[in-house]
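Student: Quick one, what's the 3D model for this:
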Amino acid sequence: MEIDHRVDPELRELLELTPPTELNHDNLSATRDMQAELTRQTNAQLPEIEGVSQEDRMVPGPAGDPDVRIRIYKPTEQTEPLPGFFWIHGGGYVLGDIDSNDYASKLWVKNVGCVIVSVDYRRAPEAPYPAPLEDCYAALEWMVTHADELGIDQSRIAIGGASAGGGLASGLALLVRDRAEMTVVAQLLMYPMINDKNVAPATDTLPDTHIWSRAKNLFGWTCYLGQEPGAEDIPIYAAAFRAEDLSGLPPALIVVGDLDLFLEENLDYAGRLIKAGVLTELHVYPGAYHGFNGFSPGAAVSRQCNADYLQALTRALQK
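Tutor: Presented below is the predicted three-dimensional model:
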């Protein structure tokens, strides 16, 4: 795949060394193992962040389903209740794990002054919708009901996620609104995967995208939905882009690169949130492909994105 000339020069350097890959049922297990090993190696090389503790726990899952693993990050010198952030990792609904955002979570705890609960939800295709979303709901519910034990101010809990995690976070925001059993103060979505109809194959007029291709997107959605995407009966909680009524949702942040496959669905969703009266902040980064801020974190555009996300998280939790 030829690299788009619009790619930011700093983002291009690593991309040129990364050959395009396919994703299918035959190589899914090996791809998961490879990503997990890469995450392990990367985390081992990163500097220690002092003053942040982490603890893994198993909490009750959805009724009749297995318990859910979560990871709790807290300041070691915490003396008073702090706001909470519920984080959902990405991976196209089929990849990723709780370790993949370990470093970022510690940085957020250190710089924002909050408690983070990260959820290790079940992945498709072994556990298609609604299992991953219900895992997230159950873990968030546990976080809210155990706020005192965790040292969290229950009135200041936000949710967020990247890619498929952003899709789950947007679906979770709709589910929280409609079940009306708890509240969250914000949804912070990093290039969220929210439109199951965005699965057309690449053509000369519809070029493919870097890192997360159209073929991978079709595979991810098919695994998550347990059926071909695009059907009329797909629930809004599975693909938030389908929701017609966005009123009553918590304030939103959406960040996305202008070369991301999800650009148009993210722009459209942000516009409809605004029209529905939802306070919405949108950032589009030039020359940036999917996952750019994690793929090349040292690039100036990545540093800007990560700073914008940190600032938005800080504002959301300090209200």
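Student: helix/strand/coil for L218?
Tutor: Under DSSP: H, G, I helix; E, B strand; the rest coil, L218 falls in the helix class.
Student: In space, what's closest to it - neighbours in sequence excluded?
Tutor: V199 (4.2 Å; CB to CB, 6 or more residues apart in numbering). (Each C-beta comes from the backbone N, C-alpha and C, glycine too.)
Student: Pull up the gap between that neighbour and A238, please.
Tutor: Per CB to CB, to the nearest Å, V199 is found 14 Å from A238.
Student: Ok, V52 next?
Tutor: 34 Å.
Student: what ranges do the strands span in this structure?
Tutor: 52-59, 68-75, 82-88, 115-120, 152-162, 187-190, 252-257, 280-285 (DSSP state E).
Student: Pick the most buried one from the ones you listed.
Tutor: strand 187-190 (a mean of 28; mean count of other CB atoms under 10 Å).
Student: Direction included, what does that strand pair against?
Tutor: strand 152-162 (parallel), strand 252-257 (parallel) (DSSP bridges).
Student: Adding distance to T205 and mean pLDDT, write those out as TSV.
Tutor: Below are those laid out as TSV (distance: least, CB to CB, whole Å; pLDDT from 0 to 100):
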stretch	distance to T205	mean pLDDT
strand 152-162	29	98
strand 252-257	21	98
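Student: so which of those comes closest to G230?
Tutor: Closest to G230 of these is strand 252-257 (CB to CB; 21.8 Å).
Student: which residues are contacting the closest one?
Tutor: 160, 173, 186-192, 262-263, 266-267, 269-270, 273, 278-290, 292, 301, 305, 308-309, 312-313, 316 (CB atoms under 8 Å, 6 or more residues apart in numbering).
Student: Just the ones in helices from those, please.
Tutor: 173, 263, 266-267, 269-270, 273, 292, 301, 305, 308-309, 312-313, 316 (DSSP state H).
Student: Go through those residues and name the one nearest I3.
Tutor: Looking across these and measuring by CB to CB, the closest to I3 is F292, at 13.1 Å.
Student: Now do the contacts for the spatially closest residue to T314 that is not a sequence neighbour.
Tutor: Nearest non-adjacent residue to T314, counting by CB to CB, 6+ apart: V112, 5.1 Å away. Applying CB under 8 Å, 6+ apart to V112 gives the contacts P83, F85, L310, L313, T314, L317.
Student: Likewise for S100?
Tutor: Contacts of S100 (CB under 8 Å, 6+ apart): Q35, T39, H89, G90, G91.
Student: and with 6 Å instead?
Tutor: Contact partners of S100, counting by CB atoms under 6 Å, 6 or more residues apart in numbering, are T39, H89.
Student: returning to that earlier point: can you pick out the most distant pair from the contacts of V112?
Tutor: P83 and L310 (13.7 Å).
Student: List of residues touching stretch 285-294?
Tutor: Here stretch 285-294 makes contact (CB under 6 Å, 6+ apart) with 6-8, 11, 191, 210-212, 257-260, 301-302, 305-306.
Student: Show the buried residues in those.
Tutor: Among those, those classed as buried by 16 or more other CB atoms under 10 Å are 7-8, 11, 191, 210-212, 257, 259-260, 301-302, 305-306.
Student: which one of the residues you listed sits closest to W108?
Tutor: Closest approach between these and W108, by CB to CB: N306, at 10.0 Å.
Student: So what's the predicted local confidence for that closest one?
Tutor: Note on N306: pLDDT of 98.
Student: excluding its backbone neighbours, what's nearest it?
Tutor: The shortest distance from N306 to any non-neighbouring residue, by CB to CB, 6+ apart, is to N293 (5.4 Å).
Student: re earlier: using JSON lines, lay out the buried ones among the contacts of stretch 285-294 together with distance to P250.
Tutor: Shown next, in JSON lines, are the buried ones among the contacts of stretch 285-294 (distance: CB to CB, whole Å):
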{"residue": "V7", "distance to P250": "33"}
{"residue": "D8", "distance to P250": "31"}
{"residue": "L11", "distance to P250": "31"}
{"residue": "Y191", "distance to P250": "19"}
{"residue": "H210", "distance to P250": "31"}
{"residue": "I211", "distance to P250": "29"}
{"residue": "W212", "distance to P250": "26"}
{"residue": "G257", "distance to P250": "24"}
{"residue": "L259", "distance to P250": "28"}
{"residue": "D260", "distance to P250": "23"}
{"residue": "V301", "distance to P250": "27"}
{"residue": "S302", "distance to P250": "26"}
{"residue": "C305", "distance to P250": "21"}
{"residue": "N306", "distance to P250": "22"}
